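Q: Need coordinates for the following:
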Amino acid sequence: MDGRPKLASIRLISMTNVLKINILLLTAAVGVSACDGNSGEPSPADNTKDRGAILSHWADNIIIPSYENFQEVLALMSEKTDAFTSSPDEGSLVSLRAAWASAYLEWQKVELFEFGAADKYTLRNLYNIYPADVTGIITNINDPSANLDVAASYSRQGFPALDYLLNGIGDDDAAIVAAYTTDENAEKRIAYMKRLVTRMNTLLTNVITEWKGSYRETFISKTGLDIGSSTGLVVNAYVLYYERYIRSGKIGIPSGAAIGGTGEPHAERVEAFYKKDISGLLSKNAHEAARNFFNGINVKTGTPGPSFKSYLDALGAKDDSSEALLSDLINDQFDVISEKLDQLSPDYHQQIQTANEKMVDTYAEMQKLVRMLKVDMTSAMSVTITYTDNDGD
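A: Residues are numbered from 1 along each chain as shown. Sure, this is the predicted structure:
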């Protein structure tokens, strides 16, 4: 078991059932619908130019600066790791733990970019597969040459592994410090912690280097809507992330609400299990990052730009029954979910044990959003969903 949050089974999505529709002209002025004077069909040149503007905005104003912000926070975590491993005591442990939590929260803002460079280095698999495999972590601690690239090692590294090493290896801070000072395996634990953090920095540097280099040009040049296009990659990665890693991974699986599950809660599968009291913040950060990306929020200015929302509005995508803009309905559902998340305890482990029905209710609202994104949005955009799942939506 690699610890990946996933549903019990999967099925293939028949690509022949995906609705192919003609795309209307998206003007350079964001959020304005346009068509030609006759048939309403866009010219290929205008279509390409407009999606190129969206791709450029995503790359330059959201993805790259988000990675840079995360890199700064991760660098601080690295500094605190060096301080703790050089002189383990309760003070340096507390400082490192705080830096780890800050980096984990910032990670939630970039985890959705699992396409292109991040997909090449399988960043998510090496950063955040939980629950942590404690038995495997102990095995790797005793084997300095353990291969961290194989699937079995995904849940033995990254933030979940550090969660165990910083918060779960002893009953209190004194016991945790002893594991890195007086215990017979202290030096091995220190070596493994340093190896994990160094690896995280190297992987992130590789991803950022590619985004700032050749991959950015490749990304913004693939302006079509086919399976290999950048828009197709982003849509699939985005919907997959919300469906499988936010809805199911953070809420559905630990609460037992995930479709295809037994219905039994699994509180031990919450994110940040050993710290516990940040699991709610992690979910909120991930949800907010998904909403901001949908609206094209510029990371540097906080203002909206070319986005899924603006593209849907330019297409005139509406709900058939209410005639409301699809983008408004999606944003309304984001708001509903935010309210549900605010009602949950910061400690999801405790929430599941005391009032799990609130977790289940939150999952149900997330499922509504998944259908809007996975069915309504992709149909309006004429983008094929290429990943598989078993929800029947």
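Q: Low-confidence ranges, the stretch 1-150 of the chain, go.
A: For the stretch 1-150 of the chain, applying pLDDT under 70 flags the ranges 1-49.
Q: just the strands in it please.
A: For the stretch 1-150 of the chain, the strands defined by DSSP state E, counting those that start in this stretch occupy 25-26, 33-34.
Q: Would you map the helices across the stretch 51-200 of the chain?
A: Residue ranges of the helices in the stretch 51-200 of the chain, as given by DSSP state H, counting those that start in this stretch, are 64-86, 90-107, 117-120, 123-127, 134-141, 158-163, 173-179, 186-212.
Q: Touching the fifth one from outside, list them.
A: Put plainly, it is helix 134-141. Helix 134-141 is contacted from outside by 146, 148, 152-153, 155-156, 161, 164-165, 168, 185, 188-189, 191-192, using Cβ atoms under 8 Å, 6 or more residues apart in numbering. In this view, the C-beta of every residue, glycine as well, is placed from N, C-alpha and C.
Q: May I see the buried residues of it?
A: Going by neighbour count (16 or more other Cβ atoms under 10 Å), the buried part of helix 134-141 is 134, 136-138, 140-141.
Q: Could you tell me how many residues sit around Gly228?
A: Residues within reach of Gly228, counting by other Cβ atoms under 10 Å, total 9.
Q: Just say helix, strand or coil for it.
A: The three-state assignment at Gly228 reads coil, by DSSP: H, G, I helix; E, B strand; the rest coil.
Q: got a list of what it touches?
A: For Gly228, the contacting residues are Lys222, taking Cβ under 8 Å, 6+ apart as the criterion.
Q: Any figure for the gap between it and Ile220?
A: Distance, Gly228 to Ile220, using Cβ to Cβ, to the nearest Å: 14 Å.
Q: Ok, Leu112 next?
A: Separation of Leu112 from Ile220 (Cβ to Cβ) stands at 18 Å.
Q: which of these two has more neighbours?
A: Residue environment comparison for Leu112 versus Ile220 gives the larger neighbour count to Leu112, 24 against 19, counting by other Cβ under 10 Å.
Q: So that one sits against Tyr241, correct?
A: Yes: look at Leu112 against Tyr241 with Cβ atoms under 8 Å: they come within range, at 4.5 Å.
Q: quick one: common contacting residues for those two?
A: Residues touching both Leu112 and Tyr241 comprise Ala290, with contact defined as Cβ under 8 Å, 6+ apart.
Q: residue ranges with poor pLDDT in the stretch 151-300 of the chain?
A: In the predicted model of the stretch 151-300 of the chain, residues 259-262 satisfy pLDDT under 70.
Q: for the residue nearest to Asp183 when sequence neighbours are not counted, what are its contacts?
A: The spatial neighbour of Asp183 that comes closest, neighbours along the chain excluded (Cβ to Cβ, 6 or more residues apart in numbering), is Arg189 at 7.5 Å. Residues counted as contacts of Arg189 (Cβ under 8 Å, 6+ apart) are 141, 165, 169, 179-180, 183.
Q: Apart from its neighbours in sequence, what residue is nearest Lys368?
A: Gln333 (5.9 Å).
Q: Quick one, grab the pLDDT at Glu339.
A: On the pLDDT scale, Glu339 is placed at 98.
Q: Looks to me like Thr384 is in a strand.
A: No: the secondary structure assignment for Thr384 gives coil rather than a strand, going by three-state DSSP.
Q: I'd guessed it sits against Ile227; true?
A: Yes: in terms of Cβ under 8 Å, Thr384 counts as a neighbour of Ile227; the distance is 5.9 Å.
Q: For these two, indicate the residue with more neighbours.
A: When neighbours are counted by other Cβ under 10 Å, Thr384 comes out ahead of the other of Thr384 and Ile227, with 18 against 12.
Q: so how many other residues sit close to the residue nearest to Lys368?
A: For Gln333, the tally of surrounding residues (other Cβ under 10 Å) stands at 19.
Q: Equivalent analysis for Asp335, please.
A: Counted with other Cβ under 10 Å, the burial measure for Asp335 works out to 11 neighbours.
Q: Ok, Ala152 next?
A: Ala152: 16 surrounding residues under other Cβ under 10 Å.
Q: centre of the chain versus the helix or strand hosting Asn292, how much separation?
A: Using DSSP states H and E, the element containing Asn292 is helix 279-294. For helix 279-294, the distance from its own C-alpha centre to the chain's C-alpha centre is 8 Å (Cα atoms, centre = their mean, to the nearest Å).
Q: same deal with stretch 370-384?
A: With Cα atoms, centre = their mean as the basis, the mean position of stretch 370-384 lies at 19 Å from the chain mean.
Q: List the buried residues in it.
A: Neighbour-count burial for stretch 370-384, with 16+ other Cβ under 10 Å as criterion, is recorded at 370, 372-374, 376-384.
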